[in-house]
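[1] mind folding the following:
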Amino acid sequence: MTTTPHPRDQVATGTITVFSDIWCSFAHVALYRLHTTRARLGLQGRVRFDHRAFPLELFNNGPSPRPGTDSEVGGVAHIEPDAGWQMWRAADWKFPSSSLPALEAVQLAKKQGLEASERLDLALRRAFWAQSRSIGARAVVLEVAEETEGVDAALVAEGLDDGRARHAITRDFVCAREHRVQCSPHLYLPDASDCANPGVTARWHGKYGTGFPEVTGNDPLVYEELLRRAAD
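    The predicted model follows:
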């Protein structure tokens, strides 16, 4: 027996629900493509992105290892180089041990509207993947929030400090597990359809953290169809 509604039953008209984690390279590609394709099609006023958490550290019972994310830069970044990437360049001890504070911040920004949460989500992804900033630290998350137009960083700080968003992350984790959300990213559309890791297929050589990913299929045009369906 499930305890949470199915994701497909919670998608508002003109909205794409996105389950993802911020330190997932495939989600970094997907969100870059969603934003850039929406702008190119002129659908900014007709389609919004509703971010839900797919907290990998809860599924994996531990944080994402730096060798794993570094290998993803080498294996995934080439399909969308303009999304912003670099191998981790800050001190080793600054590599985030958790993405939960960043995921919580996005949910807190959502209280200010989906546009605010979209902007903060994208900014936090770039902070991690392109700027080697420790998105597991409260101070860094708030710095990014302060730098992001349309986001009230004070409200994000208040919510991080009283823990009000942790329940939302746990709810999304339970929902994803109960309803077999496949991966980060997994998209749900208003027409009750869904798509995991749109347009991209990959395989791993070796185990995560010691091996590396190989992209075996890449079709960015699928995002045009997804956005048009959400708009319709």
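[2] how near is residue 11 to residue 187?
    10 Å (Cβ to Cβ, to the nearest Å). For every residue, glycine as well, the C-beta is placed using N, CA and C.
[3] repeat that for residue 10.
    Using Cβ to Cβ, we find residue 10 at a distance of 13 Å from residue 187.
[4] cool, residue 5 as well?
    Per Cβ to Cβ, residue 5 is found 17 Å from residue 187.
[5] which one of these two has more residues nearby?
    Legend: neighbour count by other Cβ atoms under 10 Å for residue 5 and residue 187, higher for residue 187 (23 against 11).
[6] next, the closest residue to that one other than its chain neighbours: secondary structure please.
    Using Cβ to Cβ, 6 or more residues apart in numbering and skipping residues adjacent in sequence, the residue nearest residue 187 is residue 195, 5.0 Å away. Following DSSP: H, G, I helix; E, B strand; the rest coil, the label given to residue 195 is strand.
[7] surely residue 89 and residue 133 touch.
    No. Using Cβ atoms under 8 Å, residue 89 is not in contact with residue 133; the gap is 10.1 Å.
[8] of these two, which one has the most company?
    residue 133 (20 against 8).
[9] identify the residues contacting that one.
    With contact taken as Cβ atoms under 8 Å, 6 or more residues apart in numbering, residue 133 is in contact with 90, 127, 140, 143, 144.
[10] give me that answer again for 6 Å
    127, 140 (Cβ atoms under 6 Å, 6 or more residues apart in numbering).
[11] ok, now how distant is it from residue 210?
    25 Å.
[12] in the chain, where is pLDDT below threshold?
    Where the chain drops to pLDDT under 70, the residues are 1.
[13] repeat that with 80
    1-2 (pLDDT under 80).
[14] that one: strands as residue ranges?
    15-20, 48-53, 186-188, 194-196, 200-205, 212-218 (DSSP state E).
[15] and of these, who's closest to residue 172?
    With Cβ to Cβ as the criterion, residue 172 lies closest to strand 48-53 of the strands of the chain, at 4.1 Å.
[16] helices or strands up against the closest one?
    strand 15-20, helix 114-129, helix 166-178 (3 or more Cβ pairs under 6 Å, 6 or more residues apart in numbering; DSSP states H and E).
[17] same for the second one, what does it pack against?
    For helix 114-129, the helices and strands in contact under the criterion 3+ Cβ pairs under 6 Å, 6+ apart are strand 48-53, helix 100-110, helix 138-147.
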